[in-house]
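> Predicted model and sequence follow; I will ask about them next.
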Amino acid sequence: MTDYPIYRKGDEVEIVRRGVIVVVDPKDPARFGVGRPGQFGADSYFRTDNDGVRHRLVTAAEWPPLPEDVWRDRNGKRWEAVEIDCRECTADGHACEDGYVALKSEFGAWYPGNLQLTQAHRYYGPFSLEQPGPRRGQERTC
C-alpha cells in the first residue's frame, strides 16, 4: 500500500509548487513558466489569462527593500524604504546593525529591521517595487 495518492486519467488535480522561479516569455508577456531555482529555463509554461491556472505573487524578485525604494502593498498603499541611523533605533530600544532598513507606509505603519520586514510582508504583502532607489542593482553595503 502506498502513502501517496494515485491519480487516474481524467482526475482533476490542483498542483501547488513552492520555491519556484518565474520565467517570462519575451515574445508573449502573458505566458510565464516555472522552474527550479538555479535551473536554466522552465519546466512548464502557462498563460496568465487561462482561468484554469491559479497564480499569485508571493514575493517580488526585488525583495527585500533597499533604502529609498518605493513599494506598493497588495492594497495599492505606498511604502518607502528608509535607512535608519543605529543611534535612532537603539534610542527606541531596538537592536540595530549598520544598514538597518525600515518600511514606512503612507498611513503611518512602521516596520524596522529584517524580522519586521517579514511581518510587514505577511500582513500587507505581497509588495511590488514601484520605484527603485539609487542603491538598487548595487551590492548592499551593510
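Alright, I've got the coordinates.
> Can you spell out the domain ranges of the chain, please?
The record's domain parsing of the chain by automatic domain parsing lists 1-55, 70-131.
> out of the ones you listed, nearest to Trp63?
domain 70-131 (6.7 Å; CB to CB). The C-beta positions use only the backbone N, C-alpha and C, and glycine is treated the same way.
> What mean pLDDT does the closest one get?
Per-residue pLDDT values over domain 70-131 give a mean of 78.
> How far does that domain stretch from one end to the other?
Start-to-end span of domain 70-131 (CA to CA, to the nearest Å) is 5 Å.
> how about JSON lines for the domains of the chain, with distance to Glu62 added?
Below are the domains of the chain laid out as JSON lines (distance: least, CB to CB, whole Å):
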{"stretch": "domain 1-55", "distance to Glu62": "13"}
{"stretch": "domain 70-131", "distance to Glu62": "4"}
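> Ok, which of those comes nearest Pro64?
Nearest to Pro64 among these is domain 70-131; the distance by CB to CB comes to 5.7 Å.
> Can you tell me the SS state at Glu68?
When classified by DSSP: H, G, I helix; E, B strand; the rest coil, Glu68 comes out as coil.
> State the number of residues packed around the spatially closest residue to it that is not a sequence neighbour.
Nearest-residue entry for Glu68: Gly133, 3.0 Å, with adjacent residues in sequence omitted and distances by CB to CB, 6 or more residues apart in numbering. Residues near Gly133, counting by other CB atoms under 10 Å, number 18.
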